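A.B. asks: with the input below, show me the fold.
(chains A and B)
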Amino acid sequence: GESVGLHLPTLSVQEGDNSIINCAYSNSASDYFIWYKQESGKGPQFIIDIRSNMDKRQGQRVTVLLNKTVKHLSLQIAATQPGDSAVYFCAEKRKGAQKLVFGQGTRLTINP
Amino acid sequence: EAGVAQSPRYKIIEKRQSVAFWCNPISGHATLYWYQQILGQGPKLLIQFQNNGVVDDSQLPKDRFSAERLKGVDSTLKIQPAKLEDSAVYLCASSRGTEAFFGQGTRLTVV
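C.D. replies: Okay, here's the model as predicted:
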């Protein structure tokens, strides 16, 4: 069935290194993608989004890359800090729909 | 801008009891979502409102779950009767267009 999934459930990186979190999606009709960060005990927090007519978008310390050919999305976090420790979810919206579908999440742990 | 407000933050009930959650979305946001997030999983959409109309409730267990948004602003989600597997965090989110903003959620424990 259609799904938004993540390649790795956990990721551990050294403080100061760059992190890359990956996400695969299967619905070619999806035209909008969002990365959310969820800290313990809190709701998901918007990080960055990208539309399907783009292949890259940059924010503050974060970059999202979209490869529509292989239906792959990635979130790059530069110079990872302890405050980046959280679970990261990718989510998709399908063209013409408001429904936001989430993947399972990747837990990012920062080692000092 | 005030965020999405949810209450209560925590709730513990016995199975077969009923429970209700309340959500106040961000002012002006026409779209309101209720998600269920089981521990270790991503949020799963239960119901989506556009103003006071239901857009999608395909994954709402309608035999026990109900939700309303009578005036197109606040919303309540009810479970009656609750089952053990309903233990989860219930997240409310609102949107004016593409980006959805989430509340802190209500953590429900059914014992």
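A.B. asks: every contact and neighbour count from this point should use C-alpha atoms.
C.D. replies: Will do.
A.B. asks: confirm residue A:54 sits in a strand?
C.D. replies: No - remark: residue A:54 does not belong to a strand; assigned using DSSP: H, G, I helix; E, B strand; the rest coil, it is coil.
A.B. asks: pLDDT at it, what is it?
C.D. replies: Residue A:54 carries a pLDDT value of 96.
A.B. asks: cool, residue B:98 as well?
C.D. replies: 79.
A.B. asks: contacts only, for it.
C.D. replies: Residues in contact with residue B:98 (C-alpha atoms under 8 Å, 6 or more residues apart in numbering or on different chains) are residue A:98.
A.B. asks: name the nearest residue to residue B:105, sequence neighbours excluded.
C.D. replies: residue B:91 (4.3 Å; C-alpha to C-alpha, 6 or more residues apart in numbering or on different chains).
A.B. asks: which helices and strands sit right next to the helix or strand that contains that neighbour?
C.D. replies: Residue B:91 is part of strand B:88-95 when elements are defined by DSSP states H and E. Counting contacts by 3 or more C-alpha pairs under 8 Å, 6 or more residues apart in numbering or on different chains; DSSP states H and E, strand B:88-95 packs against strand B:31-37, strand B:100-102, strand B:106-110.
A.B. asks: each with direction, which strands does it pair with?
C.D. replies: strand B:31-37 (antiparallel), strand B:100-102 (antiparallel), strand B:106-110 (antiparallel) (DSSP bridges).
A.B. asks: can I get those in a markdown table including mean neighbour count?
C.D. replies: Below are the strands paired with strand B:88-95 laid out as a markdown table (neighbours: other C-alpha atoms under 10 Å in any protein chain shown):
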| stretch | mean neighbour count |
| --- | --- |
| strand B:31-37 | 25 |
| strand B:100-102 | 23 |
| strand B:106-110 | 21 |
